[in-house]
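[1] sequence-free structure coming up:
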């Protein structure tokens, strides 16, 4: 039986098949900008902290907002935060935290921001082909065994890029090479599919999460929920939607 950490979204926990994200595994969460990737991970951290777990946030993007994190239920005082300068440093910190066995959840935000040292020290126009992919591949080889041994949940947030010259099929790809796709036990594709309005004002996003890869339960399930600005995913809305879906709640009147 695999231990899991809730994502803070009931529908997504059900879609994942084991009640959340699996410990001792690597998880990748990717999607377009402002689709809710960081929100989802911060909610997961909040749930893990409620279970008494220790969490670390490797903030390579230097964009963690402690006020927003607190609104989502994260205890910022107990959260270990690191803002590394280079990709090597970030992954070294990640490996160190995992090996220590003292941390239960490690989040890397984001893979796209893990810049190799050679690139940071080089000039703007220099070509560094495949450097980041090589860095990721090497780091993940080291990390995988350690993560399993210490039973740590390791979440990588990733961004989307477009492949050039793709005529057929999906031109979208994630950054940092292919290694992460292979090493991840769970991959979540998160998208914003609409807005939630109160009158004319937009107060939240409708979000769809697809479980693109799942090694611990059947994959390709999906969940839809609402992320309210400054609050996180809407519990009441989700409960009602799930109730309607499973015919526990009846719809009546003008919907």
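    Received the coordinates, thanks. Quick caveat, the model's predicted, so the values are computed rather than measured.
[2] nearest residue to residue 87 other than its sequence neighbours?
    Excluding its sequence neighbours, the residue lying closest to residue 87 (CB to CB, 6 or more residues apart in numbering) is residue 114, at 3.4 Å. C-beta coordinates here come from the backbone N, C-alpha and C atoms, glycine included.
[3] do the same with residue 31
    Nearest one to residue 31, counting by CB to CB, 6+ apart, is residue 190 at 3.9 Å.
[4] The one you found - how many residues pack around it?
    Residue 190 has 21 neighbouring residues, counting by other CB atoms under 10 Å.
[5] swap in residue 243?
    Neighbourhood size, residue 243 [other CB under 10 Å]: 13.
[6] tell me the SS of it?
    Here residue 243 takes the helix state, with states given by DSSP: H, G, I helix; E, B strand; the rest coil.
[7] For the stretch 101-250 of the chain, which segments count as helices?
    Using DSSP state H, counting those that start in this stretch, the helices of the stretch 101-250 of the chain run over 117-121, 131-150, 179-183, 235-245.
[8] Of the ones you listed, give the one that comes closest to residue 160.
    Each of those was scored for nearness to residue 160 using CB to CB, and the closest is helix 179-183 (13.2 Å).
[9] Could you check how far the closest one is from the centre of its chain?
    Centroid displacement of helix 179-183 relative to its chain, using CA atoms, centre = their mean, to the nearest Å, is 15 Å.
[10] So which elements touch it?
    strand 26-30, helix 131-150 (3 or more CB pairs under 8 Å, 6 or more residues apart in numbering; DSSP states H and E).
[11] residue contacts, residue 103?
    54, 55, 56, 80, 97, 152 (CB atoms under 8 Å, 6 or more residues apart in numbering).
[12] Just confirm residue 88 contacts residue 119, I think it does.
    No - between residue 88 and residue 119 there is no contact under CB atoms under 8 Å: 10.7 Å.
[13] what sits against residue 153?
    Counted by CB under 8 Å, 6+ apart, residue 153 has contacts 5, 21, 22, 23, 24, 25, 27, 48, 104, 105, 106.
[14] out of those, who has the most neighbours?
    Of the contacts of residue 153, with other CB under 10 Å as the count, residue 21 tops at 29 neighbours.
[15] For it, list each beta-bridge partner.
    residue 5 (DSSP bridges).
[16] From residue 131, how far out is residue 153?
    For residue 153, the distance to residue 131 equals 28 Å [CB to CB, to the nearest Å].
[17] how about the strands in this structure?
    Applying DSSP state E to the chain gives strands spanning 4-5, 21-22, 26-30, 55-59, 80-82, 105-109, 153-158, 160-162, 172-174, 186-198, 201-214, 222-228, 232-233.
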